[in-house]
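>>> turn this into a structure:
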Amino acid sequence: MTKIKDLFSKALIILSFFLFLSIFVYINYIASPNFKAPVLKSLVLTLGFLLIFIAVDYFMDKFKNKKAVYYAIIGIIIFAGLLIRLYWTNSVSTIQISDFGRMWESAGEIAEGNFSRFQKNGYLYTYPHLAFTTLFYSLIHMITGSSLMAMKFVNIGLSLLTALLVYLISGELSNGKKATAIFIMAINSPFIFFNNILDSQNLAAPVFYFAVLLYLKVFKKKIHPLYLVAVGALLSLGNLFRSVGPIFVIAIIMHMLIFSSYSLIQKRKKGKPLKLDKALLGPLCLVLMLVAMYVTTFVLNYIFIWAGVFQKPTWDTGGNLILYINAGFNHESNGMWNQEDYDLLRDVGFDYDKAEIEARKRLEQRLSDKDKVLTLISNKYRTQWGAGDFGGLYWSTVELESNPKATNDMLVWLNYHFYYVQAFYSALILAIMLKLARGYYKNEIKPEFYFGLILFVGFVCLHTLIEMQPRYGYIAMPMITALAAASIGERRSTYEGSV
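All right, here's what the predicted structure looks like:
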């Protein structure tokens with residue numbers, strides 16, 4: 001097993017380094033010049049941001065033994081993050097379009113007792129994975145009288161909660177809690193821009209990353225393995241908001257089985273029979289995690305089915321997965337959303353069997369030219385992971401009609417200085433790359449750090465297959481931030497544990 005772990009570790013480091021290097025090269029040598037930033041300027045800004053992160057880490061390290069001061073500074077950083085988010089939300093009157101607008105409109109109807117969107121061929125019947133997010137929005141309608149601003153404030157609260165979770169997760173990935181993580185989360189653009197957008201990822205992120213935090217504590221034997229049951233329930237809730245739960249599940253299972261030191265059975269002592277380990281069956285608790293995930297999903301779905309709200313469970317997508325994969329290999333649209341594939345279901349009269357057959361035919365044709373497929377995958381990867389804001393600025397300002405003059409000035413500045421956003425993101429990527437390079441040659445990478453790498457590679461695989469949009473990668477950004485924060489200043493750390 002040790003040989004398997006060593007081989008897997010080396011392969012994962014090499015693969016991850018190559019993936020992050022591809023992002024780094026794209027940002028600095030291809031994308032940034034398009035944003036009026038020469039390559040040299042982009043690299044200088046990247047190094048500048050990295051030095052700022054290192055300085056923050058060094059500065060906060062000085063106060064780790066003065067807990068009152070340390071946590072006061074953490075509180076100030078969080079408060080500053082709150083003010084930035086409030087300023088953005090109050091300044092930019094984002095217009096909710098596409099699925100965001102449809103979900104909010106549907107939620108208003110549900111709040112009034114109209115469940116027609118769940119009926120056959122209705123919006124939420126056709127796209128059941130959006131059902132629970134829409135139900136959550138309907139609660140906001142009922143509680144606040146359809147206040148869109150109230151939902152944005154909820155997003156802000158969830159964003160700050162995610163920041164706190166990333167701070168704690170980065171501590172589990174390294175030698176102690178990393179104040180750098182919360183500093184990055186407080187000012188990083190996607191975690192500001194996305195508060196204005198009714199994206200299900202805002203709801204899913206804190207749920208998923210709370211599950212990640214619990215899992216890492218189980219892995220490090222800080223809490224009982226039975227907490228994996230809670231992890232399963234949380235993954236179910238997160239998946240009901242955003243259907244990427246299987247990526248987290250696969251990452252947890254792979255990481256636990258390959259890197260865990262849990263033993264199912266204690267070593268036999270002379271004259272005594274074998275017995276189950278009291279540290280309790282880490283791998284066996286993975287089974288309980290899967291059961292908890294399934295039961296939670298089943299119960300929540302059938303509560304609404306029995307109440308007459310849903311017509312079918314949310315996992316009954318009617319072949320939507322193959323439709324997304326088919327769209328993901330549309331060469332003309334670069335694997336992104338396109339009208340041709342979007343209209344497929346409507347063109348066959350919402351006959352899911354016919355839609356699946358037609359999608360498979362198109363997919364087979366699109367996969368026939370291997371060179372074009374490889375080019376498409378390369379283009380998809382850099383578009384998916386090469387935008388430092390993950391499309392947040394676009395979706396916050398698309399079809400914007402009128403705003404206060406100050407807001408217009410701010411947006412003009414962002415449009416002409418977007419390379420700062422890119423350089424900030426590039427600095428995070430560079431921090432991870434340096435950690436991987438050092439870890440490969442000096443074997444300094446902790447077992448828990450590999451979990452973040454497995455999760456990232458899982459998201460890369462997913463978005464290589466399905467329809468791609470830059471915003472889809474936003475759900476992975478908290479882990480990218482945690483990996484970067486855990487990579488900064490670790491060589492200086494000489495102790496284990498946390499504040």
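
>>> quickly note the distance from Val309 to Asn114.
11 Å (Cβ to Cβ, to the nearest Å). All C-beta spots, glycine's among them, are computed from the backbone N, C-alpha and C.

>>> higher neighbour count, those two?
Set Val309 next to Asn114 and count neighbours by other Cβ atoms under 10 Å: Val309 wins out with 14 against 11.

>>> helix or strand right after the lowest-mean-pLDDT helix or strand in the chain?
For the chain, using mean pLDDT, DSSP states H and E, the weakest element among its helices and strands is helix 405-416, scoring a mean of 63. Downstream of helix 405-416, the first helix or strand assigned by DSSP states H and E is helix 418-442.

>>> tell me which other helices or strands that next one touches.
Packing partners of helix 418-442 (3 or more Cβ pairs under 8 Å, 6 or more residues apart in numbering; DSSP states H and E): helix 2-25, helix 32-34, helix 39-61, helix 477-487.

>>> can you say which of those helices is nearest to Pro128?
Among the helices and strands packed on helix 418-442, helix 477-487 comes nearest to Pro128, with 25.8 Å by Cβ to Cβ.

>>> could you give the angle of that closest one to helix 418-442?
60 degrees (axes from the mean of the first three to the mean of the last three Cα atoms, to 10 degrees).

>>> now do helix 477-487, average pLDDT.
On average, the pLDDT along helix 477-487 is 96.

>>> checking the nearest residue to Lys372 once chain neighbours are set aside next. Helix, strand or coil?
Closest residue to Lys372 apart from its sequence neighbours, by Cβ to Cβ, 6 or more residues apart in numbering: His331 at 5.8 Å. Classification of His331 using DSSP: H, G, I helix; E, B strand; the rest coil returns coil.

>>> check whether Met336 really touches His463, as I assumed.
No: using Cβ atoms under 8 Å, Met336 is not in contact with His463; the gap is 10.8 Å.

>>> so which of those two has more stuff around it?
More crowded of Met336 and His463, by other Cβ under 10 Å: His463, with 24 against 17.

>>> element containing the nearest residue to that one once chain neighbours are set aside, please.
Nearest non-adjacent residue to His463, counting by Cβ to Cβ, 6+ apart: Gln384, 5.0 Å away. Using DSSP H and E, Gln384 maps to helix 370-385.

>>> what residues of that helix count as buried?
Leu376, Lys380, Tyr381, Arg382, Thr383, Gln384, Trp385 (16 or more other Cβ atoms under 10 Å).

>>> ok, the residue nearest to Lys372 - contacts?
By Cβ atoms under 8 Å, 6 or more residues apart in numbering, His331 lies in contact with Arg366, Lys372, Leu376.

>>> next one: Ala181
Ala163, Val166, Tyr167, Ile169, Ser170, Thr481, Ala482, Ala485, Ala486.

>>> please apply the same query to Leu203.
Neighbours of Leu203 in contact, by Cβ under 8 Å, 6+ apart: Thr133, Phe136, Leu158, Phe241, Arg242.

>>> do you know how far the fourth one is from Leu164?
For Phe241, the distance to Leu164 (Cβ to Cβ) stands at 19 Å.

>>> neighbour count: these two, which is higher?
For Phe241 and Leu164, the more surrounded residue by other Cβ under 10 Å is Phe241, and the numbers stand at 25 against 18.
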